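> Curious how this folds, go ahead:
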Amino acid sequence: MSEYKLEVWPMNVAVEARKEPLVCVRGLCKAYDQSEPQARLVLDRVDLELRPAEIVGLLGRSGSGKSTLLRSIAGLTQPTAGSIDFPGQPAEAGRGEIAMVFQSFALFPWLTVLDNVEVGLEARGVAVDERRKRALAAINLIGLDGYESAYPKELSGGMRQRVGLARALVVHPKVLLMDEPFSALDVLTAETLRTDLLDLWCEGSMPIESILLVTHNIEEAVLMCDRILIFGSNPGRVVGEVRVPLPQPRNRLDPAFRNLVEHIYARMTERAAPVRDGLFPGTGIAMVLPRVSPNRLAGLIETVAGTPYDGRADLPALAGGLQMEVDDLFPVAETLQLLRLAELEGGDLTLTPTGMRFASMSVDERKQLFAQQLMVYVPLAAHIRRVLDERPTQQAPARRFRDELEDHMSESYAEATVRSVTNWARYAELFAYDEERDLFTLENPTEEG
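The predicted model follows:
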């Protein structure tokens, strides 16, 4: 298919010199369940400018609203408040110059690679000959020449994501939105595709002027982006911005690269340390609790207590050694801090004396210590236990506690929080839960709770 050659769009002086942003987001808010008493605010007053010749990363954990922001810019969801403007043109025309690559590939299984790439052009009414020419050129550009007649089921995950990229590029967008495009791929495939995309960008081989990338991988953000916006959660808001002055291609082992990674880890943890009981939204029994298993908590304590950390671990090194990303590591580390088993500050995780004792205990001793920490530092666990202690039957319907929580949070958060405290309490033998009857009981509790 070499006779089809995609045009080259170099990041020339004219593009780089144009200071007018391609996209302007001002005061963007997005709330779900607005009809409910406790509407869930996902985005809160987000500001963003996307300019030519830059890759901007949105870095944060799942649930921080990054994907919602991308979908709002693409016109796939409507914000509750705020504005999204495309300077110099109407919103409809601006969105016509945007393409999006999804995490889940989003290919039509009954269409060939060529047909999948042509879909967007067909929807825009492009003539058959022209869309065929442009689709073949895009397929060649992203390295799938020869697979035009293959179906998605015949392709690996990396190949399917390349098809998604070709489908986005074929409409010649100015702005490419990428929603965690590498997260569904294995490590080696993701690295290859990431490198190929950066090569195409640096060579000016793609018909785009700017990329907006959603990620929760700190190293990926530093590797790819010129500017990184750090998102906080519950609700999602921009809590920091980091510029990456390193030239491309970037070396992960470069001390300057490692320093930037360390800096971002510190920025993402510094807000948690000063407010000891504010790691999770809400206060008292209304604190939203993450879904973290006791086994993960114990495993991280054992890892940090052992060699080479000896009780204090640098988060980037810990994440690399455990092959854990932000979404995996931070909830575990923050839950340990909530339980006063560790301190999280400045990009380091340090076990408290209580955490170090936990690491050296037997299984039964760990359960007793965990129960004590739950009763003192997780108000919902203590509340459920007190209700059970006060009732002659030593039973209480779980629905009663979900209803209480729904006065402060959405139904889904209430459900998830009750499930989390149930899991922790079972491990600690603080109280039991009967799934069939949806009932908390004091079956096999610890003697002193």
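
> In the stretch 151-300 of the chain, mark out all the strands, start to finish.
175-179, 210-215, 227-232, 237-243 (DSSP state E, counting those that start in this stretch).

> Output the contacting helices and strands for the second one.
Translated: strand 210-215. In terms of contacts (3 or more Cβ pairs under 8 Å, 6 or more residues apart in numbering; DSSP states H and E), strand 210-215 is packed against strand 54-59, helix 66-74, strand 175-179, helix 218-224. Using the backbone N, CA and C atoms, a C-beta is placed for each residue, glycine as well.

> Out of those, which gets nearest to A31?
A31 sits nearest to helix 66-74 of all these, at 10.4 Å, using Cβ to Cβ.

> and that closest one, what does it pack onto?
Going by 3+ Cβ pairs under 8 Å, 6+ apart, helix 66-74 lies up against strand 23-32, strand 40-50, strand 54-59, strand 98-101, strand 175-179, strand 210-215.

> what does it contact?
Residues outside helix 66-74 that contact it (Cβ atoms under 8 Å, 6 or more residues apart in numbering) are 23, 25, 28, 30, 42-43, 46, 48, 58-60, 77-79, 84, 95, 98, 100, 177, 179-180, 212, 214, 231, 236.

> tell me the angle it makes with strand 40-50.
Counting by axes from the mean of the first three to the mean of the last three Cα atoms, to 10 degrees, helix 66-74 points 60 degrees away from the direction of strand 40-50.

> what mean pLDDT does the helix or strand following helix 66-74 have?
Downstream of helix 66-74, the first helix or strand assigned by DSSP states H and E is strand 81-85. In this model, strand 81-85 carries a mean pLDDT of 89.

> ditto for stretch 235-254
Averaged across stretch 235-254, the pLDDT comes to 88.

> re the thing from before, output the helices and strands packed on strand 210-215 in CSV; the columns should cover mean neighbour count, mean pLDDT and distance to A396.
Shown next, in CSV, are the helices and strands packed on strand 210-215 (neighbours: other Cβ atoms under 10 Å; pLDDT from 0 to 100; distance: least, Cβ to Cβ, whole Å):
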stretch, mean neighbour count, mean pLDDT, distance to A396
strand 54-59, 24, 93, 42
helix 66-74, 22, 89, 36
strand 175-179, 24, 90, 42
helix 218-224, 24, 91, 43
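
> are any of the contacts of helix 66-74 buried, and which?
Buried subset of these (neighbour count, 16 or more other Cβ atoms under 10 Å): 23, 25, 28, 30, 42-43, 46, 48, 58-60, 77, 79, 84, 95, 98, 100, 177, 179-180, 212, 214, 231, 236.

> Pull the number of nearby residues for N217.
Using other Cβ atoms under 10 Å, N217 has 20 other residues around it.

> so it touches V326, yeah?
Yes. The criterion here is Cβ atoms under 8 Å, and N217 meets it with V326 at 7.0 Å.

> what separates the closest residue to F370 other than its chain neighbours from Q373, distance-wise?
Closest residue to F370 apart from its sequence neighbours, by Cβ to Cβ, 6 or more residues apart in numbering: A428 at 4.4 Å. In this view, A428 and Q373 are 8 Å apart by Cβ to Cβ, to the nearest Å.

> So for the two, which residue has more residues nearby?
Taking other Cβ under 10 Å, A428 and Q373 do not tie; A428 has more neighbours (23 against 20).

> The more buried one: what's it in contact with?
Counting by Cβ under 8 Å, 6+ apart, the residues that A428 touches are P294, K367, Q368, F370, A371, L374, T446.
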